[in-house]
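*Asks:* The sequence isn't on hand, but the structure is:
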């Protein structure tokens, strides 16, 4: 993806962050703003699937998974929406992989 963007004349900036940690997300967006300015598009595709039944899944594993899958999307969206609303444009996309092993029925 990075090469495609750059080959098309766009700029990229790789920033590692912990999507489940609101402070880590805020620091990542600070770096983004310094390096590229305000984003026009936000795509959230982080995920932490836990393969376990409800009786095997510990509360900590559930919380870790929920934070990466759901809370991280919220933390990231908070970082971009104010500027998008002020500018009157922007795109937010939430997506994720299909972690299904087998269909039901």
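*Replies:* Now that the structure is in, tell me what you want to look at. All of these numbers come straight from a predicted model, not from anything done at the bench.
*Asks:* where along this protein do the strands fall?
*Replies:* 41-44, 91-94 (DSSP state E).
*Asks:* Packing partners of the first one?
*Replies:* In other words, strand 41-44. On a contact count with 3 or more Cβ pairs under 8 Å, 6 or more residues apart in numbering; DSSP states H and E, strand 41-44 meets helix 72-87, strand 91-94. No exception for glycine: its C-beta is placed from N, CA and C like everyone else's.
*Asks:* how about the ones you listed, which one is nearest residue 58?
*Replies:* For residue 58, the closest of the helices and strands packed on strand 41-44 is helix 72-87, at 19.7 Å, according to Cβ to Cβ.
*Asks:* Tell me which residues of that closest one come out buried.
*Replies:* By 16 or more other Cβ atoms under 10 Å, the buried positions in helix 72-87 come out as 72, 73, 75, 76, 79, 80, 84.
*Asks:* mind putting these in CSV, distance to residue 34 and pLDDT included?
*Replies:* Shown next, in CSV, are these (distance: Cβ to Cβ, whole Å; pLDDT from 0 to 100):
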residue, distance to residue 34, pLDDT
72, 21, 93
73, 23, 94
75, 19, 96
76, 17, 96
79, 13, 96
80, 15, 96
84, 18, 96
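*Asks:* Listing request: residues of the protein with sub-threshold pLDDT.
*Replies:* Across the chain, the ranges flagged by pLDDT under 70 are 97-105.
*Asks:* at 90 what do you get?
*Replies:* When residues are selected by pLDDT under 90, those of the chain lie in 1-2, 5, 10-12, 45-54, 56-57, 62, 64-66, 68-69, 95-105.
*Asks:* ok, what's across the strand from the spatially most central residue of it?
*Replies:* Central residue of the chain (Cα atoms, centre = their mean): residue 44, 3.2 Å from the mean position. Per DSSP bridges, the residues bridged to residue 44 are residue 94.
*Asks:* Surely it is in contact with residue 93?
*Replies:* Yes: between residue 44 and residue 93 there is a contact at 7.1 Å, judged by Cβ atoms under 8 Å.
*Asks:* I appreciate the help and will end here.
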